[in-house]
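[1] Let me see the structure of the following:
(2 chains)
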Amino acid sequence: MELEELKGVWARYDKKLTQNLKLNEELLRKMNLEKSKKEMNAPLTSEFISVTGCTIFLLFIASATIRYSYELKFLIPGIITSIIVAIWVYNSVSKIKLLSNIEYYGSPIVELQKSINIFNHKYQKYKKFELYSIPFFAISVSPILGIALRNFDIYEHPTRFILGVVLGLILGYPVTIWGYKNLYEKKIKNTNKFLDELSKFEQEE
Amino acid sequence: MEKDKFISVIRDNQNLIYKICYSYCKDADNRKDLQQEILIQLWNSFSRFDGRVKLSTWIYRIALNTAITFYRNDSKHNDNKISIDASIISLSDFEYVPEQDENIAMLYQFIEKLNEMDKALILLYLDNNKQKDIAEVLGISETNVATKISRIKKFLKEQFSNN
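    Sure, this is the predicted structure:
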């Protein structure tokens, strides 16, 4: 059967659907469409919360680092923590920027799918950094947080500190790598594959 | 008032939504979810429709984009959905079952074999849209649409000769 003939079959099918399809108006009215509108913005809201939370934390850590900057043992972890948190803030701001630039309702299919998948690609890349930086963050934040919040010098308890570092590196990293491989690696591959497909689809053959 | 207008638009285009859902989802439960997702997206954008493009172009864009995104979503679950049991657009009780129509079943089988983007293209083509309109919905050139249609025709011939 040729594609043109199938067009005829499709037109007859469409006619039958017109005769047989029914729209449940009551159900459509009952659907809380306004609520869903608000829920659509959930990813953006979550990123805004993340930016706010991380910025407040960054300011706190930065000021604590400055306060204890006369001691190298607090200055170095303070700087490392500040850099990690600053990158988290930067990533969240980039995500907000990308999300805000997606034109959901006015774009042609190829353009919108590209924007969505470029966002997904970056999101997964940022997640990778976030996951991999958590053990480092945990190690670097403890001295500065201990001294700033409770006036507790972790270096006076080397066993605890070494235990923390060992746990962070030996236990934290395998868990992080496992988490990344299971949660994101496949998604990144799929996203990249689809972005390639979209580029090929866009190109004239 | 706006909801009445929206319902009227959906009523006029329910065939299109039904066919898109059927083409992108084999599973009945997922199909119900996709239908709901499309209606939510259409409602969210309803107030922004300014008539710069044809109403059908607007519906195709949103419905197909939602279907492709839904199809690519691994979990097929979306928190935006409100739990409802029945389908909003469904076949009447004295049912015409598309799967029982041999030609339609065959056509859906053929559509199933295409990738997400080609599915969108063929649905637009089968619905008798002009190449210019297909190009506008997809965001590719008219020449590209023509080339892709002829490639799909070739693929279709092979499929039928294999059967």
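[2] any idea which residue sits dead centre in chain A?
    residue A:123 (4.3 Å; CA atoms, centre = their mean).
[3] Just the pLDDT for the residue lying closest to that residue once chain neighbours are set aside.
    Excluding the flanking residues, the one nearest residue A:123 by CB to CB, 6 or more residues apart in numbering or on different chains is residue A:95, at 6.2 Å. C-beta coordinates here come from the backbone N, C-alpha and C atoms, glycine included. pLDDT for residue A:95: 93.
[4] again with residue A:105
    pLDDT at residue A:105 comes out at 81.
[5] Look at it and give its secondary structure.
    The three-state label given to residue A:105 by DSSP: H, G, I helix; E, B strand; the rest coil is coil.
[6] I'd say it and residue B:66 touch.
    No. Judged on CB atoms under 8 Å, residue A:105 makes no contact with residue B:66 at a distance of 10.7 Å.
[7] More neighbours: which of these two?
    Legend: neighbour count by other CB atoms under 10 Å in any protein chain shown for residue A:105 and residue B:66, higher for residue B:66 (24 against 18).
[8] how near is residue B:117 to residue A:201?
    5 Å (CB to CB, to the nearest Å).
[9] picking up where we left off before, give me the helices and strands touching the helix or strand harbouring the residue nearest to residue A:123, please.
    Using DSSP states H and E, residue A:95 maps to helix A:72-101. Here helix A:72-101 touches helix A:42-67, helix A:109-150, going by 3 or more CB pairs under 8 Å, 6 or more residues apart in numbering or on different chains; DSSP states H and E.
[10] so that helix versus helix A:109-150, what angle?
    On the basis of axes from the mean of the first three to the mean of the last three CA atoms, to 10 degrees, helix A:72-101 is oriented at 150 degrees to helix A:109-150.
[11] can you pull the pLDDT of residue B:8?
    With respect to pLDDT, residue B:8 scores 93.
[12] host element of it?
    Per DSSP H and E: helix B:2-12 holds residue B:8.
[13] so what's the residue of chain A found nearest chain B closest to, chain neighbours aside?
    Closest residue of chain A to chain B, CB to the nearest CB: residue A:108 (2.6 Å). Counting by CB to CB, 6+ apart, residue A:108 lies nearest to residue B:139, which is 2.6 Å off, once chain neighbours are set aside.
[14] which residues of chain B fall in strands?
    B:89-91 (DSSP state E).
[15] remind me which residues of it are low pLDDT?
    Applying pLDDT under 70 to chain B flags the ranges B:74-86, B:93-96, B:98-99, B:160, B:162-163.
[16] Minimum distance to chain A, which residue of it gives it?
    residue B:139 (2.6 Å).
[17] for that residue, phi and psi?
    Here is the backbone geometry of residue B:139 (degrees, to the nearest 10): phi 80, psi 30.
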